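Student: Provided below for reference: sequence and predicted model.
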Amino acid sequence: MRFDTLAVHAGGPSFTINGAHPTALPLVPASSYWYDSADELDRVLGDQLPGYSYARYASPTVVAFEEAVAALEGAPAAVAFASGMAAIHAAVRYFAPRSDAVVFASSDCYGGTFTLLGNTLTNEGLNVKFVDVFDLDALEHRLREEHPAALLVEVISNPLERVADIRAIAQLCGNQGVALIVDSTFTTPCLIKPLELGAACVIHSATKYLGGHGDVTGGVVACASEEQAGGLRNWRKYAGSVLGVLEAFLCVRGIRTLSLRMERQCANAAAVAEELSGDGRIQEVHYPGLASSPYHDVATRLFPDGTFGAVLAFGIEGADKQAVMRFMERLKLVRAAPTLGDCFSLVLYPVIASHRGLTPQERHDRGIEDNVVRFSAGLEHPEDLLDDFDQALG
Ligand code: PLP
């Protein structure tokens, strides 16, 4: 089946109710299950027989979501978590179980990941090093010299839309026996399937495009092997970071329209990027779909369908923090909420949101100046988005 068809059907209900097949995924909220035979329950609890026993271990609606994600990523299995952060935590610990293991992560990674690795897990003893994943020669050298257990990379960085060459990085990791963990939240399997390129696993914050409607918090790891999925399920069983049943239902419902949403949202982002890059009130637009982007070539090679994601960032000419705050207040259609990937368009100001924990100097070192705003394109008509930016820029 082709991707679009899979998205509509994967994870569909596989059981009948008195001979009737439900067309939509049943929402099964049961927190535990009983059997006519106590021996059967015993065997299910002992993992000698497949089956449901306790919802923290597995439940049908969550499994349907996992099956849908596995199908879309071309993975043997996927494991769903309560949030993207819970998925990242589990994956890092799966590949780096030793308390003092060395783990590399992209220095451009999402702020929450940066804090989880740089503070929480570092305080627990993990030896975390943030590395430049855009300098492949230096990365190869460091992988060879320091031999980390894992490298965590996002395909498209936030907010400056730098594109990591996942194909080349997977090869470097493969050569050194390093597990490559790819956070593909911004890209979704519509743009790239990192497992096909050699990644050890793929993570999504399902809160973003998979859910897609701004009404669910969830995460998922698509695994390269059943063994890995078993390890992650076991982690989740005792960490308790299982995805809720309603959330799983909403994620599957979101996946049904993922292809169409991504197509439109990427097209809207491209239209806004094009327009703003020719606007004198804008200093610079960061979007890999623009021919002027230093990441256009790598993005063209990695995303063969000619779509470049639905997020972009731009700097407002001469704007300081106060000017950016007033710009966000003047927006009438685009909402200033700290997320992305929803069906409605959003802006985020890194200075007060994703990168608020960094000093102005640290932000400057990463190229995130005080005038930079991130935009996540929704499903609106592009002309309405452009009109809103036009009036808000004044
Ligand atoms: N990964 C990326 C790239 C993100 O942008 C985010 C959140 O914004 C996360 C992970 C964390 O996801 P969640 O908020 O679902 O825990």
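Tutor: That came through fine.

Student: ok, and the closest non-adjacent residue to R236?
Tutor: Closest residue to R236 apart from its sequence neighbours, by CB to CB, 6 or more residues apart in numbering: V242 at 5.6 Å. Any C-beta I mention is one placed from the backbone N, CA and C, and that applies to glycine too.

Student: Look through the stretch 51-200 of the chain and state the residue closest to the ligand.
Tutor: Proximity of the stretch 51-200 of the chain to the ligand (CB to the nearest ligand atom) peaks at G84, 2.4 Å away.

Student: Just give me the neighbour total for that residue.
Tutor: 25 (other CB atoms under 10 Å).

Student: Spit out the contact partners of it.
Tutor: For G84, the contacting residues are 112, 183, 185, 203-208, 218-219, by CB atoms under 8 Å, 6 or more residues apart in numbering.

Student: at 10 Å what do you get?
Tutor: Contacts for G84 (CB atoms under 10 Å, 6 or more residues apart in numbering) come out as 110, 112-113, 183, 185, 203-208, 210, 217-221.

Student: For the stretch 51-200 of the chain, which segments count as strands?
Tutor: 77-81, 102-106, 127-131, 150-154, 179-183 (DSSP state E, counting those that start in this stretch).

Student: Save those as JSON lines, and put in distance to the ligand and mean neighbour count too.
Tutor: Converted to JSON lines, the strands of the stretch 51-200 of the chain look like this (distance: least, CB to the nearest ligand atom, whole Å; neighbours: other CB atoms under 10 Å):
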{"stretch": "strand 77-81", "distance to the ligand": "9", "mean neighbour count": "28"}
{"stretch": "strand 102-106", "distance to the ligand": "10", "mean neighbour count": "23"}
{"stretch": "strand 127-131", "distance to the ligand": "15", "mean neighbour count": "18"}
{"stretch": "strand 150-154", "distance to the ligand": "5", "mean neighbour count": "26"}
{"stretch": "strand 179-183", "distance to the ligand": "5", "mean neighbour count": "27"}
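
Student: Tell me the spatial nearest neighbour of the residue nearest the centre of the chain, not counting adjacent residues.
Tutor: Centroid-nearest residue in the chain, with CA atoms, centre = their mean: T185, separated by 1.8 Å. Using CB to CB, 6+ apart and skipping residues adjacent in sequence, the residue nearest T185 is S205, 4.5 Å away.

Student: Does the one you found touch S83 like I think?
Tutor: Yes. Contact criterion CB atoms under 10 Å: S205 and S83 qualify, at 7.1 Å.

Student: more neighbours, the two?
Tutor: Neighbour totals were compared for S205 and S83, and S205 leads with 29 against 18 (other CB under 10 Å).

Student: OK, contacts around that one?
Tutor: 81, 83-88, 110, 112-113, 183-186, 211, 217-220, 339-341 are the contacts of S205 under CB under 10 Å, 6+ apart.

Student: where does it fall, phi/psi-wise?
Tutor: With angles defined as degrees, to the nearest 10, S205 sits at phi -80, psi 110.

Student: now the strands of the stretch 51-200 of the chain in a markdown table, with mean pLDDT?
Tutor: Shown next, in a markdown table, are the strands of the stretch 51-200 of the chain (pLDDT from 0 to 100):
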| stretch | mean pLDDT |
| --- | --- |
| strand 77-81 | 98 |
| strand 102-106 | 98 |
| strand 127-131 | 97 |
| strand 150-154 | 98 |
| strand 179-183 | 98 |
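
Student: how about these in TSV, adding distance to L139?
Tutor: What follows is the strands of the stretch 51-200 of the chain, written out as TSV (distance: least, CB to CB, whole Å):
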stretch	distance to L139
strand 77-81	27
strand 102-106	8
strand 127-131	6
strand 150-154	8
strand 179-183	11
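
Student: Show me the shaky parts of the stretch 151-300 of the chain.
Tutor: Applying pLDDT under 70 to the stretch 151-300 of the chain flags no residue at all.

Student: Give the next helix or strand downstream of the lengthiest helix in the chain.
Tutor: Among the segments of the chain that qualify as a helix by DSSP state H, the longest is helix 258-277. Once helix 258-277 ends, the next helix or strand along the chain (criterion: DSSP states H and E) is strand 282-286.

Student: Is Y54 bridged to anything, and to what?
Tutor: Assessed by DSSP bridges, Y54 has beta-bridge partners S32.

Student: how close does it sit to V242?
Tutor: Going from Y54 to V242 by CB to CB, to the nearest Å gives 10 Å.

Student: Among the two, which residue is more densely surrounded?
Tutor: Each of Y54 and V242 has its neighbours counted (other CB under 10 Å); V242 has more, 22 against 14.
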